[in-house]
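Visitor: Coordinates for the following, if possible.
(one chain, ligands or ions: 1)
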Amino acid sequence: MRYDSDVVIVGGGVVGAALAVALKDSGLTIALADTRAPAPFDAGMEMDLRVFAISMASRRILEALGVWDDIRTARVSPYREMYVWDAGGQGAVHFDSAELGELELGYIVENSLLRHALWAPLRHVPRVTLIHPAAPEALSIDADGAELTLSGSRRLRARLVVAADGAESATRALAGIEVRSAAYGQRAVVAHVRTEQPHAHTAWQRFLPTGPVAFLPLADGRVSVVWSLDEAQAERVLALDEAGFCAALTEASEARLGKVLSSSARAAFPLQRLHAWEYVRAHLALVGDAAHALHPLAGQGVNLGLLDAAVLAEVILLAHTQGRDIGDFGVLRRYERWRKGDNLAMIAALDGFKRLFSNDAAPVRMLRSAGLSAVDRFTPLKHAFARRAMGLSGDLPVLARGN
Ligand SMILES: Cc1cc2nc3c(=O)[nH]c(=O)nc-3n(C[C@H](O)[C@H](O)[C@H](O)COP(=O)(O)OP(=O)(O)OC[C@H]3O[C@@H](n4cnc5c(N)ncnc54)[C@H](O)[C@@H]3O)c2cc1C
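Guide: As a prediction, the model looks like this:
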């Protein structure tokens, strides 16, 4: 059987590109297809509105892939502390990296920088083909492999096709894989703002009955706002002029960093929860948002996706060194078993959080405040939460274990 590539990855976002980098020196041939290549990155340009809080585990994966130094020196903001507090009560939790014996809790990084850094090592590698602009138009799977037709009638036969094309994955749809999904009826309004007081390399998150508002520290001293709101409220906030928007944010954040003084342009992303019934079939695997999308309140989407990529790479590399077919269902099932439980647990936890904090009934408010304060006082539980969110506990793939 002739294959054009051993692995075809559709979607070169952070997750798909990370998988390609993890496989690029394995001896396997890789094709990475995307509707668009990342734009060149230059530290003098305006910051991308899409920023991610990435965990220690993600940092370790990026280190192991050899791209972290370039990212860190370009434009990254570490955060060392995190304050989470409840608008409807007295509860608050404070996380401090020093208490955990770590230098940092995580990092705020732009999506455009991550993509740029992950595509760079893929260029000029003989075994890697970058195909763009390209989108999948047809997919068929038989006993020996998968055949993917890309726009422009380009056909690729592969041992394994990986869908990494995000929450609206066309590849997943072509394969006929069903998802369980629910729209939250909310949008996340994002902007970069300047505040009266410095962010002190701290991530701030206040839970309002309407949804959480997060202030994340940026490398240029501003903060990145992620404000989850119901559709109608989001519309109203987006329609405000700059002064009105800043005043609304000052109020929503209880002026924790003083007044919000100025704002960049704003953007809004619809929020949804989505989980694919199947992560794998013979010769097909789903990773990242193509397999699961979740509420951004804990900033975990990219982090879970990078763990998917690291686990799938590990499973593929092991099968390849053992001379097994990397598209074999049994091989791919190992990836699914490893990741599905973790991803589902995170989706359920975030859903529960969202519901708990949206409830304005007085008894719920009291319990919530008491709960937050109890977590804050009970150090072992707080540390266990923090280590989980940082990706430092659980069954980690080799790429996320660090030295
Ligand atoms: C407001 C907001 C804030 C967030 N904050 C955080 C955070 O702080 N931390 C965190 O970990 N996560 C965060 N997330 C989640 C995060 O954005 C996603 O989990 C992450 O982007 C998923 O990465 P991905 O590579 O799987 O998919 P995507 O980033 O969606 O990338 C998909 C790629 O596929 C390409 N593509 C799409 N369709 C096609 C097609 N038909 N053909 C070819 N290519 C295609 C796209 O061009 C893109 O390059 C946030 C999400 C939102 C909405």
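
Visitor: Could you find the residue in the stretch 151-300 of the chain that comes nearest to the ligand?
Guide: Minimum separation of the stretch 151-300 of the chain from the ligand (C-beta to the nearest ligand atom) falls at Gly288, amounting to 2.3 Å. C-beta: built from backbone N, CA, C; applies to glycine.

Visitor: Contact residues of this protein facing the ligand?
Guide: Taking C-beta under 6 Å from any ligand atom as the measure of proximity, the chain contacts the ligand at 10-16, 33-36, 52-53, 135-136, 164-166, 170, 188, 190, 226, 269, 288-289, 296, 299-303, 305.

Visitor: Quick check: the gap between the residue of the stretch 151-300 of the chain closest to the ligand and Pro380.
Guide: Plainly put, Gly288 is 32 Å away from Pro380 if you go by C-beta to C-beta, to the nearest Å.

Visitor: More neighbours: the two, which one.
Guide: Neighbour comparison, Gly288 and Pro380: the larger count goes to Gly288, with 29 against 7 (by other C-beta atoms under 10 Å).

Visitor: what sits against the more buried one?
Guide: Counting by C-beta atoms under 8 Å, 6 or more residues apart in numbering, Gly288 touches 11, 13-16, 164, 166, 301-302, 304-305, 308-309.

Visitor: Let's see that with 6 Å instead.
Guide: With contacts taken as C-beta atoms under 6 Å, 6 or more residues apart in numbering, Gly288 has the following neighbours: 15, 164, 305, 308.

Visitor: Checking my notes, the third one in a helix, right?
Guide: Put plainly, it is Gly305. Yes. Secondary structure assignment (DSSP: H, G, I helix; E, B strand; the rest coil) places Gly305 inside a helix.

Visitor: isn't it right next to Val15, touching?
Guide: Yes. When contacts are counted by C-beta atoms under 6 Å, Gly305 is listed as touching Val15 (3.7 Å).

Visitor: got a list of what the nearest residue in space to Ser112 that is not next to it in sequence touches?
Guide: What sits nearest to Ser112 in space, not counting adjacent residues and going by C-beta to C-beta, 6 or more residues apart in numbering, is Asp48, at 4.2 Å. The neighbourhood of Asp48, defined by C-beta under 6 Å, 6+ apart, consists of 110-112.

Visitor: if you set the cut-off to 10 Å instead, what comes out?
Guide: Residues in contact with Asp48 (C-beta atoms under 10 Å, 6 or more residues apart in numbering) are 39, 41, 75, 109-115, 192, 224.

Visitor: count of neighbours near Ser151?
Guide: There are 13 residues near Ser151, going by other C-beta under 10 Å.

Visitor: That one reaches Pro133, doesn't it?
Guide: Yes. Taking contacts as C-beta atoms under 10 Å, Ser151 lies within contact range of Pro133: 7.4 Å.

Visitor: show me where the stretch 151-300 of the chain has strands.
Guide: In the stretch 151-300 of the chain, the segments counted as strands under DSSP state E, counting those that start in this stretch are 154-163, 179-195, 202-208, 211-217, 223-230, 260-263, 267-276, 280-281, 284-286, 292-293.

Visitor: Quickly compare these and say which is most buried.
Guide: Ranked by average neighbour count under the criterion mean count of other C-beta atoms under 10 Å, these are headed by strand 284-286 at a mean of 28.

Visitor: for it, the distance to its chain's centre please.
Guide: Using C-alpha atoms, centre = their mean, to the nearest Å, the distance from the centre of strand 284-286 to the centre of the chain it belongs to is 18 Å.
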